[in-house]
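Trainee: Take a look and give me a structure for this.
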Amino acid sequence: GAQPADKVEAAARAAGLDAYLAPLIRADALDPGFAPPEALDLAWLDFGAGDRLDALLRDVVLPALRLGGLVCLHSTLTNQATRDWLEGLRRGSSHPLVADFGLEHVSFLEPHKRFQNSITVLQKRRHGTDVFEEPIWSLRP
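Mentor: Sure, this is the predicted structure:
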């Protein structure tokens, strides 16, 4: 059957933007043999990884993510287990992922829905001694 990546590619083709879309990786990142082929700009993760999410982020996704890259986590606000995970992350530098990768985050809620109604976006801002800083392209607003 069709995978979400197929829909993304079809939408990009329909909009004439497919030339700008990097090849999408179709794989199970929890497979022990999985290794991203190159640095990632964006990773979309469903919270189905459950209690393996920290290991998946620490060992696979965040090391492969470019500085400034984004991780989108689906359904993080209104489920007790995922909210507990998010609250741990919100404690800041005491959380190992925040300390090691300088993660910043923002969450969005779709209040008109009861389930599958939120997303948290993480940005990797540090890896080792390397720090991400946005470039300044203009001097005036």
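Trainee: all contacts plus neighbour counts: C-alpha atoms, from now on.
Mentor: OK.
Trainee: show me where pLDDT drops low in this structure?
Mentor: For the chain, applying pLDDT under 70 flags the ranges 1-2, 37.
Trainee: any idea where the helices of it begin and end?
Mentor: Ranges of helices in the chain, per DSSP state H, are 4-14, 53-56, 62-64, 80-90, 96-101.
Trainee: Relative to Leu70, how far out is the closest residue to Ser93 other than its chain neighbours?
Mentor: If the residues on either side of it in the chain are set aside, Ser93 comes closest to Ala99, at 4.9 Å by C-alpha to C-alpha, 6 or more residues apart in numbering. Taking C-alpha to C-alpha, to the nearest Å as the measure, Ala99 and Leu70 are separated by 17 Å.
Trainee: So between those two, which is more surrounded?
Mentor: More crowded of Ala99 and Leu70, by other C-alpha atoms under 10 Å: Leu70, with 22 against 13.
Trainee: measure the more buried one to Arg58 for me?
Mentor: Relative to Arg58, Leu70 is positioned 14 Å away (C-alpha to C-alpha).
Trainee: ok, now Arg83?
Mentor: Arg83 sits 19 Å away from Arg58 when distances are taken as C-alpha to C-alpha.
Trainee: One more: Trp85?
Mentor: When distance is defined by C-alpha to C-alpha, Trp85 is 14 Å away from Arg58.
Trainee: in the chain, which strand has the most residues?
Mentor: In the chain, assigned by DSSP state E, the strand with the most residues is strand 65-74.
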